[in-house]
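> the sequence and its predicted three-dimensional model are supplied below.
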Amino acid sequence: MKLAILTGGGDAPGLNAVIRAVVKTAIYQFNGQVLGVRDGFDGFVTPNGIFPLDARAVSGILPRGGTILGTANRGNPFARKVIRNGVEIIEDISQQILDNIHALKLDALIVVGGDGTLRIARELHDLGVPIVGVPKTIDNDIGGTEFTFGFDTAVNTATEALDKLHATAEAHHRVMVLEVMGRDAGFVALHAGIAGGADVILIPEIPFSFDAICSKVRQRIEYGTHFSIIAVAEGARPKGGEQVYAIAGDSVYAARLGGIGQMVGKHLQDSCGFETRVTVLGHLQRGGSPSAFDRWLATRFGAAAVHLAVEGNFGKMVALQSENIVAVPLEQALSIPKRVNPQGDIVRTARDLGISFGDA
């Protein structure tokens with residue numbers, strides 16, 4: 001058996017654990033061969049983009065963040081930006097990638113990535129590539145699986161930040177706003193907000209009112225608590241308003257969210273009169289050693305992906321459902337984006353604790 005593995009999209013803690021599990025399972029259980037693909041799909045068209053992975057190559061990588069393969073979140077082979085004669089153009093190199101994959105005589109290609117990378121994988125599978133997917137994202141927004149690896153570590157990082165902000169907020173009687181990642185899903189902000197004792201949590205699934213946030217802070221002051229903690233998902237937006245973008249997108253690259261935390265902080269200071277400070281956690285959420293849960297989940301995903309490849313169960317991704325690892329068709333997993341349920345148990349629990357979502 002001859003496998004190749006690549007990691008695409010933004011990095012997430014646990015990627016190396018997946019790579020390690022794939023290599024060890026393929027070698028020890030099936031006497032197989034594994035090739036590593038550097039920098040996502042780009043590795044199929046760049047010099048030295050393919051290299052052998054053996055047990056020695058993955059030794060010691062379990063606790064490491066990042067990915068030993070490298071990754072690329074702008075490596076769509078169906079729409080790739082390149083410079084030709086000083087002019088930027090968009091080209092489709094999918095046929096070149098297909099030819100190179102077939103030339104390697106792979107039995108399977110294991111693709112580890114988020115929804116964007118897995119959509120590319122599904123398109124390549126439709127063109128005849130034997131694909132097995134592994135869902136990865138700190139945002140936890142891929143359908144078909146209860147959790148993606150990387151999410152737990154990101155939540156732990158955000159929770160630790162909230163814990164530290166509590167101390168300085170209380171000392172200076174300030175409102176502290178923490179902006180976290182998550183794109184269009186509010187899972188990181190919601191889970192970290194509850195775990196970190198936030199007073200207000202703003203998520204994309206529940207549009208907020210600035211007046212409601214001010215009202216919550218004033219209420220706390222009336223009760224004698226002269227500080228407040230607000231966790232804001234980068235994709236949150238005010239009622240009737242739009243999401244805030246740090247970088248505009250185009251026909252190939254998606255726009256990059258960022259700035260809603262500053263908007264909330266400015267309003268609290270300028271319009272409500274509260275001394276406010278804003279912290280944008282940013283890529284700290286992607287870094288660091290993966291949590292025990294993420295290592296556990298990533299390892300199970302990697303081993304299960306090899307089994308799917310051996311069985312010829314292609315066009316599917318591994319997923320966690322009720323503590324079991326199952327196979328889910330890529331098309332099904334990607335058909336409906338996973339979002340926080342505004343009427344769900346987690347939101348209800350937060351409201352029971354008196355946490356405001358800025359909607360009332």
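Great, that's in hand. Nothing here was measured: the structure is a model prediction, and the numbers come from that model. Numbering: from 1, shown residues only.
> buried ones in the helix or strand of the chain with the lowest mean pLDDT?
Sorting the helices and strands of the chain by mean pLDDT, DSSP states H and E puts strand 80-84 at the bottom, at a mean of 81. For strand 80-84, burial by neighbour count (16 or more other CB atoms under 10 Å) applies to Arg80. All C-beta atoms are positioned from the backbone trio N, CA, C, and that covers glycine.
> just checking, what packs against that strand?
Contact here means 3 or more CB pairs under 8 Å, 6 or more residues apart in numbering; DSSP states H and E; on that basis strand 80-84 packs against strand 87-91.
> swap in 10 Å and give it another go.
Of the remaining helices and strands, those touching strand 80-84 by 3 or more CB pairs under 10 Å, 6 or more residues apart in numbering; DSSP states H and E are strand 87-91, helix 94-103.
> which residues does it contact?
In this structure, residues lying in contact with strand 80-84 by CB atoms under 10 Å, 6 or more residues apart in numbering are 41-42, 45, 74-75, 88-94, 96-97, 250-253.
> got a quick PyMOL command for the buried subset of the residues you listed?
The PyMOL command for the buried members of those (criterion: 16+ other CB under 10 Å) is given here:
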select buried, resi 41+42+75+93+94+97
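> about what we covered before: in its sheet, what does the least confident helix or strand of the chain sit against?
As defined by DSSP bridges, the strand partners of strand 80-84 come to strand 87-91 (antiparallel).
> coming back round to it: just put the helices and strands packed on strand 80-84 in CSV and tack on mean pLDDT and distance to Ala55.
Formatted as CSV, the entries for those read as follows, by pLDDT from 0 to 100; distance: least, CB to CB, whole Å:
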stretch, mean pLDDT, distance to Ala55
strand 87-91, 86, 38
helix 94-103, 94, 24
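> nearest to Lys2, out of the ones you listed?
With CB to CB, the closest approach to Lys2 among those belongs to helix 94-103: 11.4 Å.
> which parts of the stretch 1-150 of the chain are helices?
Remark: helices assigned in the stretch 1-150 of the chain by DSSP state H, counting those that start in this stretch are 15-30, 94-103, 115-126.
> point out the most buried one among those helices.
Ranked by average neighbour count under the criterion mean count of other CB atoms under 10 Å, those are headed by helix 15-30 at a mean of 23.
> surely Asp115 meets Thr145?
No - with contacts counted by CB atoms under 10 Å, Asp115 stays clear of Thr145, the gap being 11.6 Å.
> tell me, what's touching the two both at once?
Counting by CB under 10 Å, 6+ apart, the common neighbours of Asp115 and Thr145 are Pro135, Ala333, Lys338.
> using CSV, lay out these together with pLDDT, distance to Thr25 and neighbour count.
Below are these laid out as CSV (pLDDT from 0 to 100; distance: CB to CB, whole Å; neighbours: other CB atoms under 10 Å):
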residue, pLDDT, distance to Thr25, neighbour count
Pro135, 97, 18, 31
Ala333, 96, 22, 21
Lys338, 96, 27, 21
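> which of these sits closest to His307?
Distance ranking of the shared contacts of Asp115 and Thr145 against His307, using CB to CB, places Pro135 first at 16.1 Å.
> so that closest one touches Gly116, yeah?
No - at 11.8 Å, Pro135 does not count as touching Gly116 under the criterion of CB under 10 Å.
> quick revisit: tilt between the least confident helix or strand of the chain and helix 94-103?
Per axes from the mean of the first three to the mean of the last three CA atoms, to 10 degrees, the angle that strand 80-84 makes with helix 94-103 is 110 degrees.
> who's in contact with the host helix or strand of Ala327?
The secondary structure element spanning Ala327 is strand 324-329 (assigned by DSSP states H and E). By CB under 10 Å, 6+ apart, the residues outside strand 324-329 that reach it are 122, 132-133, 135, 142-145, 297, 300-301, 303-305, 307-308, 311, 313-321, 334-335.
> name every strand pairing with that strand and say which way it goes.
Looking at strand 324-329 with DSSP bridges, its partner strands are strand 316-321 (antiparallel).
> so for stretch 154-163, what gets flagged as buried?
Going by neighbour count (16+ other CB under 10 Å), the buried part of stretch 154-163 is Ala154, Val155, Asn156, Thr157, Ala158, Thr159, Ala161, Leu162.
> report the separation between the closest residue to Ala189 other than its chain neighbours and Asp184.
Distances taken as CB to CB, 6 or more residues apart in numbering put Ala233 closest to Ala189, at 3.8 Å, once the chain neighbours are dropped. With distances defined as CB to CB, to the nearest Å, the gap from Ala233 to Asp184 amounts to 9 Å.
> more neighbours: the two, which one.
The residue with more neighbours, out of Ala233 and Asp184 and counting by other CB atoms under 10 Å, is Ala233; that gives 32 against 18.
> Ile203 versus that one, what's the distance?
Counting by CB to CB, the gap from Ala233 to Ile203 is 5 Å.
> what about Ala292, how many residues close to it?
Ala292 is flanked by 11 other residues according to other CB under 10 Å.
> OK, contacts around the residue nearest to Phe314 when sequence neighbours are not counted?
Beyond its immediate neighbours in the sequence, the residue positioned closest to Phe314 (CB to CB, 6+ apart) is Pro130, lying 4.6 Å away. Contact analysis of Pro130 by CB under 10 Å, 6+ apart lists 3, 101, 106-110, 124, 309, 312-315.
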